[in-house]
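[1] Mind looking at a prediction? Sequence and model below.
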There are 2 protein chains.
Amino acid sequence: MTLDENWFSEPHQDIIGFSLRIREKLHEEQTPFQKIEIYDTVGFGKLMVIDGCVMLTDRDNFIYHEMMAHPVLFAHPAPKNVLIIGGGDCGTLREVLKHDCVRLATQVDIDERVTRLAEQYFPQLCDSNDDPRARLRFDDGIAHVKNAEPGSVDVIIVDSTDPVGPAEGLFSTAFYRDCLRALGRDGLLVQQSESPLLHADPIIRPMHDSLRAAGFADIRTIHFPQASYPSGWWTATIAAKDGRVGFHREQAAEALAFQTEYYNAAIHRAAGATPEFLRRKLQG
Amino acid sequence: MTLDENWFSEPHQDIIGFSLRIREKLHEEQTPFQKIEIYDTVGFGKLMVIDGCVMLTDRDNFIYHEMMAHPVLFAHPAPKNVLIIGGGDCGTLREVLKHDCVRLATQVDIDERVTRLAEQYFPQLCDSNDDPRARLRFDDGIAHVKNAEPGSVDVIIVDSTDPVGPAEGLFSTAFYRDCLRALGRDGLLVQQSESPLLHADPIIRPMHDSLRAAGFADIRTIHFPQASYPSGWWTATIAAKDGRVGFHREQAAEALAFQTEYYNAAIHRAAGATPEFLRRKLQG
């Protein structure tokens, strides 16, 4: 059957499509950087779309935001200073600030309008924007990292759109070198790295190569379901400045001091299990 | 944008849609049981659709078939006699027969046309149909289990369509009681149990209740990605006749004697990690 104008549809690579039935379009604007649309859907709550790609829905964003924040933060022995590049919807920031040990979380998104629309349409994601430990900056993430004091950051979270358009530079060896410089001892970087089923060759493997070329010592890709992203299966890639990507605060994760919907210590360990085809690709 | 007749689209619950771009429709027929369509897609190889629902594609069926077969077979201490209810595309049968310890694998699908079309359009799934240990029966799975000799089966795999139409009776306590009777000591049942995101309340929880009511001693839901099923995230529920659902042949899984694309021992352990929201629902 045809999915008509009663659906928001995102075709990907012109081979696979994801659709949500919509009640109405609530907002549309072209910012200096991208086109943002907000919809009210029948079954997934509010939906934010950037340049035709689903960014998040009320119903399933919890998985992505938790998996971008908690595995890397529980992998670090003592994360105090966290830098989020992108992440303008503030959902990752909210998860980061659930960690009491974090003293400063700086979010640098190039497009202030993403945050203003999130405040309006996804207020629950912005719950922690007034936390005294939160810093919201609207600026170029690449320049921000380049200018960061060397060794000053414990964890960098690259929560960006796909590697086309404004986010393209966030997938380069030059950017990763700047990240490495900004990270302190035991420093970790995590970046969303698309679908294992669709992007293992074009994105995940090249990202491993670029991170290694930039000097990162250990690189691990974790995976998790994400219904509203192409193929419903997504990854984040974690890179360690020195040593291995471990699970340093495993006990804290076991005795979780805050509420989550997807993440727990067992899920953390599970997310690192590599499917056979991906293991072979990343070895090859 | 609209996804027109160049796409096969499956809307689910009238809230979420999955689409594949098609080159052409290769076949369509109404059997006594259901309507079967076969398409050639642009990016996912061949596609089989039953009653409007995606059954399988060339590109991603490996995950489903491996996860329906290997976790339950490596959980059993010595699976010799395996019964597959449904599974007419023969992909699960092929995975089951990769286990040398299996001496007999009986597949009972009500609709012979599914198998004949799989032989024609998905020949690689039917690789093992001529294995002397394989028995293909085209019959009512519910009656087959009812008439099975008590204690004769080691593992029952319920690889059915959704719990509407011909497969509805496969989700009932009466059917599970017959399964329990047919199973021998250490016997295990596994059944596909839909999406954690969409079906936790309507299917997964009631299935746990029904299996418990039928007398199964331990029940565990495992999860895995499945791009072409609604939400891209799927489950199978494993129930033990006695004792716990363990990982009895963990060493054999670690030293895997056959090739897989998704499954390995780490993936096996990972698939059992329960997301927080599902853990709370299954406890509650």
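    Yep, it's here. Residues are numbered from 1 along each chain as shown, chains lettered A, B, ... in the order given.

[2] quick one: the strands in the stretch 101-250 of chain A?
    Under the criterion DSSP state E, counting those that start in this stretch, strands of the stretch 101-250 of chain A are mapped to A:104-109, A:134-138, A:153-159, A:183-192, A:218-225, A:233-240.

[3] and the stretch 51-200 of chain A, which residues reach chain B?
    For the stretch 51-200 of chain A, the contact set with chain B under CB under 8 Å from any CB of the partner chain comprises A:52, A:59, A:60, A:62, A:63, A:196, A:197. The way it works is simple: take the backbone N, C-alpha and C, and place the C-beta from them, glycine included.

[4] what's the burial count for the closest residue to residue A:176 other than its chain neighbours?
    Using CB to CB, 6 or more residues apart in numbering or on different chains and skipping the chain neighbours, the partner closest in space to residue A:176 is residue A:214 (3.5 Å). Applying other CB atoms under 10 Å in any protein chain shown, we find 19 other residues in the vicinity of residue A:214.

[5] wait, residue A:214 sits on residue A:173?
    Yes - using CB atoms under 8 Å, residue A:214 is in contact with residue A:173, at 5.0 Å.

[6] Residue A:273: what's it in contact with?
    B:264, B:266, B:267, B:269, B:270 (CB atoms under 8 Å, 6 or more residues apart in numbering or on different chains).

[7] switch to 10 Å and redo it
    Contact analysis of residue A:273 by CB atoms under 10 Å, 6 or more residues apart in numbering or on different chains lists A:222, A:223, A:279, B:264, B:265, B:266, B:267, B:268, B:269, B:270, B:271, B:273.

[8] what's the answer for residue A:18, then?
    A:7-12, A:53-54, A:227-232, B:3, B:16-19, B:227, B:231-232.

[9] now swap in residue A:215 and tell me
    Per CB under 10 Å, 6+ apart, neighbours of residue A:215: A:173, A:176, A:177, A:179, A:180, A:181, A:239, A:241, A:242.

[10] The fifth one: neighbour count?
    I take that to be residue A:180. By other CB under 10 Å, neighbour count at residue A:180 equals 21.

[11] Please apply the same query to the first one.
    With neighbours defined by other CB under 10 Å, the count for residue A:173 comes to 16.

[12] is it true that it touches residue A:239?
    No - using CB atoms under 10 Å, residue A:173 is not in contact with residue A:239; the gap is 12.0 Å.

[13] can you list residues touching both of the two?
    Common neighbours of residue A:173 and residue A:239 (CB under 10 Å, 6+ apart) are A:207, A:210, A:211, A:212, A:214, A:215.

[14] closest to residue B:147 among the residues you listed?
    residue A:207 (55.0 Å; CB to CB).

[15] Could you check what's spatially nearest to the closest residue to chain B within the stretch 151-284 of chain A, not counting adjacent residues?
    Using CB to the nearest CB, residue A:232 is the residue of the stretch 151-284 of chain A that sits closest to chain B, at 1.3 Å. Of all residues not flanking residue A:232 in the chain, residue B:232 sits nearest, at 1.3 Å (CB to CB, 6+ apart).

[16] Nearest residue to the middle of chain A?
    residue A:159 (3.3 Å; CA atoms, centre = their mean).

[17] Please tell me how far residue A:52 sits from residue A:34.
    Separation of residue A:52 from residue A:34 (CB to CB, to the nearest Å) stands at 10 Å.

[18] got it, and residue A:55?
    From residue A:55 across to residue A:34, the span is 10 Å (CB to CB).

[19] Those two - which one has more neighbours?
    Between residue A:55 and residue A:34, counting by other CB under 10 Å, residue A:55 is the more crowded of the two (23 against 19).

[20] Please give the three-state secondary structure assignment for that one.
    strand (DSSP: H, G, I helix; E, B strand; the rest coil).

[21] Using the record's domain definitions, break chain A down for me.
    Listed by the TED database, the domain ranges of chain A are A:7-57, A:60-255+A:262-283.

[22] any low-confidence regions in the stretch 151-284 of chain A?
    A:284 (pLDDT under 70).

[23] try 90 this time
    The model of the stretch 151-284 of chain A has pLDDT under 90 over residues A:161-171, A:283-284.

[24] What ranges does chain A have for its helices?
    A:61-75, A:91-96, A:112-121, A:141-147, A:173-182, A:196-199, A:205-214, A:250-254, A:265-271, A:276-283 (DSSP state H).

[25] burial of residue A:106, as a residue count?
    Residues lying near residue A:106 (other CB under 10 Å) number 18.

[26] I'd like to know how many residues surround residue A:21.
    20.

[27] got it, and residue A:25?
    Neighbours of residue A:25 (other CB under 10 Å): 14.

[28] swap in residue A:174?
    Neighbours of residue A:174 (other CB under 10 Å): 12.
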